[in-house]
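Engineer: pasting the structure only:
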């Protein structure tokens, strides 16, 4: 056990080290007077509107998660979904990547409903559909943005094309056959069957995810709902940068936020410290926004996320002292009151 924990321990240290190095590189930008003056002149009503739009985006994501769960006959209350989503945001601020909260949501919903496979794939599909729309929106808007810097355009289009190709490969028969060959030629022979159980669980999970390729109506509904969610999210971010006194071209800004979102998921730094700030300082700099102001924008996003995380932490504690609310999260499939109309009413 100690030998397995040791690499994880050093990996955490490495992520902390990367965060410190990146923050040291950014230190000259963060210590410029314009960094603090940007906050001093913030438009508070616009900042409040940005926070409200961000909360609405989280509420819409929870709704999308529920749509996937109900498609598999897993009926939970919208209150549970929203609470669990905020709890996931709380853990996102302490786990080393933007996917940490997704793991918490998957575990929590699997434990609550007793249907692990469906619960995990629902989180994957909810997050995946959202990311596809984020990349697609950035790529599409970049097409209509004149004089867009080449690096932004290439990354925006590359992320979207890469996501489409990845999804296509995941749902093909030859990928399924490849996993069978890996099991027969590598897992069973090289490891003498020691990894058979976790590998078969992984394949079972993959088969559940792959089965969604035939549910075109559900996928269309998810993508349509993800468009609403992304509209709220990008409006929240754009309103936030307007509150700081800057108005970059909307299409270029959308492409940059898509790039920032993708790099947020790479677990090279503790909670993306330094990564997010560096991305926005560089790419918003290409849009003629000064480095200190771009850094202030990145820090503002982090502050919004922190406020949401504090709300999630409160809900986590509240749910811990009220176990009855947890046990009542799952509803009987035959008598569910969690319908799309109920969720829409919130």
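Structural biologist: Thanks, I have the structure now. Quantities reported herein were computed from a predicted structural model and do not represent experimental measurements. Residues are numbered from 1 along each chain as shown.

Engineer: any idea which helix or strand comes after the helix or strand residue 238 falls within?
Structural biologist: Per DSSP states H and E, residue 238 falls inside helix 216-243. Moving toward the C-terminus from helix 216-243, the next helix or strand (DSSP H and E) is helix 250-264.

Engineer: How far away from the center of its chain is that following helix?
Structural biologist: 13 Å (C-alpha atoms, centre = their mean, to the nearest Å).

Engineer: Can you list the helices and strands that that helix packs against?
Structural biologist: Counting contacts by 3 or more C-beta pairs under 8 Å, 6 or more residues apart in numbering; DSSP states H and E, helix 250-264 packs against helix 116-143, helix 150-170, helix 216-243, helix 275-285. C-beta here means a position set from N, CA and C on the backbone, and glycine is covered the same way.

Engineer: Go through the very next helix or strand once past the shortest one and flag the buried ones.
Structural biologist: It stands for helix 275-285. Once the chain leaves helix 275-285, the next helix or strand it forms, by DSSP H and E, is helix 291-321. By neighbour count with 16 or more other C-beta atoms under 10 Å, helix 291-321 contains the buried residues 291-302, 304-305, 308-309, 311-313, 315-316, 319.

Engineer: Check stretch 165-185 too.
Structural biologist: Buried residues in stretch 165-185, counting neighbours by 16+ other C-beta under 10 Å, are found at 179, 183.

Engineer: Between the two ends of it, how far is it?
Structural biologist: In stretch 165-185, first residue to last residue: 26 Å (C-alpha to C-alpha, to the nearest Å).

Engineer: Quick one: mean pLDDT for that stretch?
Structural biologist: Stretch 165-185 shows a mean pLDDT of 86 in the predicted model.

Engineer: who touches it?
Structural biologist: Stretch 165-185 has contacts (C-beta atoms under 8 Å, 6 or more residues apart in numbering) with 128, 132, 196, 199, 200, 203, 206, 207, 209, 210, 213.

Engineer: Now with 6 Å, please.
Structural biologist: Defining contact as C-beta atoms under 6 Å, 6 or more residues apart in numbering, one finds that stretch 165-185 is touched by 199, 203, 210, 213.

Engineer: In CSV, list the helices and strands packed on helix 250-264 along with distance to residue 34.
Structural biologist: Below are these laid out as CSV (distance: least, C-beta to C-beta, whole Å):
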stretch, distance to residue 34
helix 116-143, 27
helix 150-170, 23
helix 216-243, 15
helix 275-285, 12
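
Engineer: do you know which of those helices lies nearest residue 61?
Structural biologist: Smallest distance to residue 61 across the helices and strands packed on helix 250-264 (C-beta to C-beta): 5.5 Å, for helix 216-243.

Engineer: Okay, buried residues for that closest one please.
Structural biologist: 218, 221-222, 225-226, 229-243.

Engineer: low-confidence ranges in this protein?
Structural biologist: Scanning the chain for pLDDT under 70 picks out the ranges 1-8, 94-99, 193, 320-346.

Engineer: Now render the contacts of stretch 165-185 as a markdown table, adding neighbour count.
Structural biologist: Output for these, formatted as a markdown table (neighbours: other C-beta atoms under 10 Å):
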| residue | neighbour count |
| --- | --- |
| 199 | 18 |
| 203 | 17 |
| 210 | 17 |
| 213 | 13 |
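
Engineer: which among the residues you listed gets closest to residue 84?
Structural biologist: The closest of the contacts of stretch 165-185 to residue 84 turns out to be residue 210 (C-beta to C-beta; 25.1 Å).

Engineer: Quick check: the closest residue to that closest one other than its chain neighbours vs residue 214, distance?
Structural biologist: Spatially, and ignoring its direct neighbours in sequence, residue 210 is nearest to residue 171 (5.8 Å; C-beta to C-beta, 6 or more residues apart in numbering). From residue 171 over to residue 214 the distance is 10 Å, taken as C-beta to C-beta, to the nearest Å.

Engineer: what does residue 188 give?
Structural biologist: 30 Å.

Engineer: hang on, the earlier thing: which one of the helices and strands packed on helix 250-264 lies nearest to residue 46?
Structural biologist: helix 216-243 (3.6 Å).

Engineer: so what does that closest one touch, helix or strand wise?
Structural biologist: Applying 3 or more C-beta pairs under 6 Å, 6 or more residues apart in numbering; DSSP states H and E, one finds that helix 216-243 contacts helix 44-71, helix 116-143.

Engineer: The last one: which residues count as buried?
Structural biologist: By that I understand helix 116-143. For helix 116-143, by 16+ other C-beta under 10 Å, it's 116, 118-139, 141-142.

Engineer: quick one: that helix to helix 150-170, angle?
Structural biologist: 150 degrees (axes from the mean of the first three to the mean of the last three C-alpha atoms, to 10 degrees).
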